[in-house]
Structures are given as C-alpha cells and as structure tokens.
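Student: Fold the following and give me the result.
(one chain, ligands or ions: 1)
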Amino acid sequence: MTDPRRALPSVHALLELDEVRALGDRVPHAVVAGAARAAIAAARDEPGGAPHGDAAWAAAVVAHVERHERPTLQPVLNATGVVLHTNLGRAPLAAAALDAIAEAARGFSSLEYDLAAGARGSRHVHCASLLRELTGAEDALVVNNCAAALVLALNTVADGREAIVSRGELVEIGGSFRVPDIMAKSGARLVEVGTTNRTHAEDYRRACGPRTGALVTVHRSNFALDGFVAAVRPRDLAVLAEEAGVPLLYDFGSGLMLDLAPWGLRGELTARDAVASGAGLVMMSGDKLLGGPQAGIILGRAAHVEALRRNPLARALRVDKLTLAALHATLTLYREPARAVCEIPALAMLTTPEAQVRRRAEAMVGSLSSAGIAARAAACEATVGGGAFPTARIPSHAVVLDGDAVTLERRLRLGATPVVGRVADGALWLDLRAITAADDARVVDAVREAVA
Ligand SMILES: *Cc1c(COP(=O)(O)O)cnc(C)c1O
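Tutor: Numbering: from 1, shown residues only. Modelled structure (predicted):
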C-alpha cells in the first residue's frame, strides 16, 4: 500500500460494524457518528498508526466514544508530593464530612429555618458557634472562598476609601488570583507602602489619613522573604489600625487550626493566633490546611462581622448547604485535635511517619516486580502546598519508574484512574505522601495498565 489514506473507511462503513452499532444502545447516535469521524481523522493525521481490519477500527471508535463520555471532572490520584494541590482540588474531605454532605443533600434541612421559633432563620448561624469556640473570635461568617471573603470585607469597610497594604504582600496566589486585582474590585483604593523587602510601622502611619478605610495584611502564602527584610507583625499592625480608627483586615489564607510543630512543621500562626493578633477581621480558606470544603471563613469582631452579613454582596457570595454541612463536620473533628490529625485527610497525609510511607513504597515496588515491572523505592521530599509552610520539605518516599518517563507520565495521566506524578532526573516519581494507603493498590494497577 503506497498511500495508506486510500484505506480509510467511510463513516457509514464504521457505523455498520457490529460493536459500533451496539454503542447506539448506550449513547446518542450523534456521539457515535462523531467518534467514527474522530477515529478516521486520527488515522488520517497519523497514517502509520491507522487501525488494520474491522475489529481494530471498531475498537478505535469505542475508544473515542469512551473518551467523549468521560466527565471532565475526574477523580485523580495525587502522586505529585504536593499535599494541598490547588489544581487537583485541594483538601480531600474527612469521612465525617462526606456523611454530612450526603445527609444534607438527600432531603430538606433547616438551612434557613429556625426550628425552635418555627420561622425563617439564617444560614449564617450554622458554623458560627463552632468557629467562635475553636478560634476565640467574637463572631464568624462563611462565604464562597477566601477571595470572596477579602472582597466582602474590603467592600464593607473600605468602599470608596483607602486600604493600606505593604508592597511586600501584593502577592499572586495562583493562576488567576492576584491580591491587588481582587482588592481593586472591592471598591477600595489600594495604597501601597514600604518596599518589596522592607516595610516599617512608620510607612503605615504616614499613609494613614482621613480617607483611610482599613489596614490590610496578607499572608505571603507561597514564598518566603529572606535576607534584608522587615515587616510589621499583625499584632503591631492592629495597634496602628486602632490608632487610625480603622480595622485591620488580615488575609490569613491557609486556615491552619492546629500547631503542627510536633510533626516538624513550624513557623506558621494558627487561626486562633491570627484572631488573637487583634485584627478586626481575619479571612481564610476552608479547603487548604483546615482540610474542609471550599469556603471563605471570616473571623472577627462582632460589629464588623454583622456589617458584612448585612452587605448585599454577602448574598451573592453565600455558601450552599453542602458546604456548610461539610465544614461543620470538619470543624467538629477539631474539638479533639488528636482525632483531627487522624481523620482529616490533609492533616493525616502531612503527619504520616516517614517510615510508614517508605514501607508502602517498598511494598508497591514488590507488587510491581511480581508483575514484571522494574521499579524502585526512593526517598524524596514532599511539600505542603495550599499557601502555607512554603519552604517546608517533608521527608517522603516515591515509587520510581525508570525508562521513557515522559511517555509513562502521559499514559498514567490519561489512564482509567488518572495518576499525576512528576518527571525528574529522567524518571517518573510517584510520591506517596498525598496518596492514602487504601489507594496504593489502585496506583499499582494504574502503573500495570500504563506499562502494558
Ligand atoms: C489561598 C489564598 C487566598 C485565596 O483563597 P481561595 O479560598 O482560593 O479564594 C487568599 N489569600 C491568601 C493569603 C491565600 O493563601
């Protein structure tokens, strides 16, 4: 055959094949026809890889249908070693949170109904008392995410006025989140003080005036400043804000609820510390180190939180009942810190002893060797992710696959159970720090499938 394109079948011919016809029982005809066209187009683009024979063509059409029918939002096994990976959905939820979601979703609930009074209630009550208890805040409010919390706080206290922030804190959190852009959308006028590396109390004091609406401090989140640096601590900023007669808004970010120093993670304040700094409002995410659902948690002085609740924007940024149910269940676990560390997956992953991760890697390498696949267990370093402990390196272990790492990485990513690892030093590293032990067998199966 000199011109393989001549061998391409027609769409009609493919639709007549038995296995392709059978597809019509479970997917619409238009989808099957689209898959047949896609299979022909793929063969035209890559004549060398064109299917040979009816069975191979039918299999190609089936594969295109399956790819088309897969949801775009798929479960993924996170072998990147970044525990709170924003692109992979941040924190997995605790079993108690999953149960609470199922319960709230199944039927009706007292979302905005006061059962004691038999009258309309408020969705804002559901997590507030637990948040007060766990953080020491006077009051609390939950919105869609931390970015929403920041917009709502700024819009409420500083719309049309000035919000003073250090140049060293105008950070980009990720892809589409730049603190200065979000702040600008709130209606507050950003006033930058200090320099990238050094900002002093005097810089804030000089910028304060009759138009000042708030002082703002932002957790640097994903990087560390080192060397010739100076910053004003939140507790000192709270004093400056008090002098200026405006609140301090503290974008705290991570939502860390427990001191993780016993597990070697040091240098971050907890939410309780952030509240104790004296900030008028503290904003943080629900799905980072807190280990709950996506949410923006606002903690602070009762009068400010009440003003936020009354802002019409709060209606646009409100959370749904599933989030409230999951957040409440997650927060409840924090009443017993030892339980929180075991049952909240993000915390369990961060605190699993290194030896345990190593043993799992070795066992998986054993399973792969039995299946004739060469792999080795190797030490590596995982990171926290999620805007906290940016420089911390957590001892971890990986299953390492040598060979064509780039191809293997792609095949694992595109497999029935996608596994996302990382290519380094010409090998594929599957870091087990963010994989739960219960999923080890799935990783092994996925590797076997990718290698086959
Ligand atoms: C992550 C982060 C945000 C954004 O939080 P979302 O919940 O994703 O909106 C804002 N500020 C800081 C300091 C953060 O770390």
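
Student: immediately after the worst-scoring helix or strand of the chain on mean pLDDT, which helix or strand?
Tutor: Sorted by mean pLDDT, DSSP states H and E, the helices and strands of the chain end with strand 172-174, the least confident at a mean of 78. Next along the chain after strand 172-174, taking DSSP states H and E as the criterion, comes strand 177-178.

Student: what lines up beside that following strand in the sheet?
Tutor: According to DSSP bridges, strand 177-178 has the following sheet partners: strand 172-174 (antiparallel).

Student: Quick check: buried residues in the strand it pairs with?
Tutor: Applying a neighbour-count criterion of 16 or more other CB atoms under 10 Å, the buried positions in strand 172-174 are residue 173. The C-beta positions use only the backbone N, C-alpha and C, and glycine is treated the same way.

Student: Distance from it to the middle of the chain?
Tutor: When distances are taken as CA atoms, centre = their mean, to the nearest Å, strand 172-174 is centred 13 Å away from the chain's centroid.

Student: Check what pLDDT the residue of the stretch 151-300 of the chain at minimum distance from the ligand gets.
Tutor: For the stretch 151-300 of the chain, the residue positioned closest to the ligand under CB to the nearest ligand atom is residue 253, at a distance of 2.6 Å. At residue 253 the predicted local distance difference test score is 92.

Student: try residue 262
Tutor: For residue 262, the model assigns a pLDDT of 95.

Student: Tabulate the CA atom coordinates of stretch 437-452 in PDB.
Tutor: Only the C-alpha atoms of stretch 437-452 are listed here, as PDB (Å, rounded to 0.1, in the frame of the first residue of the first chain):
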ATOM      1  CA  ALA A 437      -2.700   3.800  51.900                       C
ATOM      2  CA  ALA A 438      -6.100   2.500  50.700                       C
ATOM      3  CA  ASP A 439      -5.300   3.700  47.200                       C
ATOM      4  CA  ASP A 440      -1.900   2.000  46.900                       C
ATOM      5  CA  ALA A 441      -3.300  -0.900  45.100                       C
ATOM      6  CA  ARG A 442      -5.000   1.400  42.600                       C
ATOM      7  CA  VAL A 443      -1.700   3.100  41.900                       C
ATOM      8  CA  VAL A 444      -0.100  -0.300  41.200                       C
ATOM      9  CA  ASP A 445      -3.000  -1.300  38.900                       C
ATOM     10  CA  ALA A 446      -2.700   2.000  37.100                       C
ATOM     11  CA  VAL A 447       1.000   1.500  36.500                       C
ATOM     12  CA  ARG A 448       0.500  -2.000  35.300                       C
ATOM     13  CA  GLU A 449      -2.100  -0.700  32.800                       C
ATOM     14  CA  ALA A 450       0.200   2.200  31.700                       C
ATOM     15  CA  VAL A 451       3.100  -0.100  31.100                       C
ATOM     16  CA  ALA A 452       1.100  -2.800  29.300                       C
END
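
Student: Could you give the separation of it from the chain centroid?
Tutor: From the chain centre to the centre of stretch 437-452 is a distance of 24 Å (CA atoms, centre = their mean).

Student: remind me, longest strand of the protein?
Tutor: Residue-count comparison of every strand in the chain, with assignments taken from DSSP state E, identifies strand 376-385 as the longest.

Student: On the pLDDT front, check residue 216 for me.
Tutor: pLDDT, residue 216: 97.

Student: What is the burial count for the residue nearest to it when sequence neighbours are not counted?
Tutor: Counting by CB to CB, 6 or more residues apart in numbering, the nearest residue to residue 216 once its immediate chain neighbours are dropped is residue 165, at 4.3 Å. Burial of residue 165 is recorded as 27 neighbouring residues (other CB atoms under 10 Å).

Student: The stretch 51-200 of the chain: strands as residue ranges?
Tutor: Read by DSSP state E, counting those that start in this stretch, the stretch 51-200 of the chain holds these strands, from start to end of the chain: 77-78, 82-84, 113-114, 119-120, 139-143, 162-166, 172-174, 177-178, 189-193.

Student: name the helices or strands packed onto the second one?
Tutor: Applying 3 or more CB pairs under 8 Å, 6 or more residues apart in numbering; DSSP states H and E, one finds that strand 82-84 makes contact with helix 345-351, strand 376-385.

Student: any chance of these in a markdown table, plus mean pLDDT?
Tutor: Compiled in a markdown table, the helices and strands packed on strand 82-84 are given as follows (pLDDT from 0 to 100):
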| stretch | mean pLDDT |
| --- | --- |
| helix 345-351 | 98 |
| strand 376-385 | 97 |
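
Student: Report the contact partners of residue 335.
Tutor: The contact partners of residue 335, taken as CB atoms under 8 Å, 6 or more residues apart in numbering, are 133-134.

Student: Just to be sure, it is in a strand?
Tutor: No - judged by DSSP: H, G, I helix; E, B strand; the rest coil, residue 335 forms no part of a strand; its state is coil.

Student: pLDDT weak spots in this structure?
Tutor: Low-confidence segments of the chain, defined by pLDDT under 70: 1-6, 175.

Student: Would you mind naming what in the stretch 1-150 of the chain lies close to the ligand?
Tutor: Near the ligand, the residues belonging to the stretch 1-150 of the chain are 145-147 when assessed by CB under 6 Å from any ligand atom.

Student: The stretch 251-400 of the chain now?
Tutor: Residues of the stretch 251-400 of the chain lying near the ligand (CB under 6 Å from any ligand atom): 251, 253-254, 285, 296, 387.

Student: cutoff 8 Å now
Tutor: 251-254, 283-288, 294-296, 386-388 (CB under 8 Å from any ligand atom).

Student: Keep only those of these that are in strands.
Tutor: Assignment to strands by DSSP E places the following of those there: 251-253, 283-285, 296.

Student: Touching, residue 161 and residue 189? I think so.
Tutor: Yes - Residue 161 sits in contact with residue 189 when judged by CB atoms under 8 Å, with a separation of 6.9 Å.

Student: quick one: common contacting residues for these two?
Tutor: Among the neighbours of residue 161, those also in contact with residue 189 (CB under 8 Å, 6+ apart) are residue 211.

Student: hang on, residue 249 in a strand?
Tutor: Yes - applying three-state DSSP, one finds residue 249 inside a strand.

Student: okay, now it: neighbour count?
Tutor: When counting by other CB under 10 Å, one arrives at 33 neighbours for residue 249.

Student: residues contacting it?
Tutor: Taking CB under 8 Å, 6+ apart, we find residue 249 in contact with 150, 153-154, 157, 163, 214-217, 279-281, 283.

Student: how close does residue 13 sit to residue 181?
Tutor: Summarising the geometry, the distance separating residue 13 from residue 181, computed by CB to CB, to the nearest Å, is 54 Å.

Student: Understood, closing this out.
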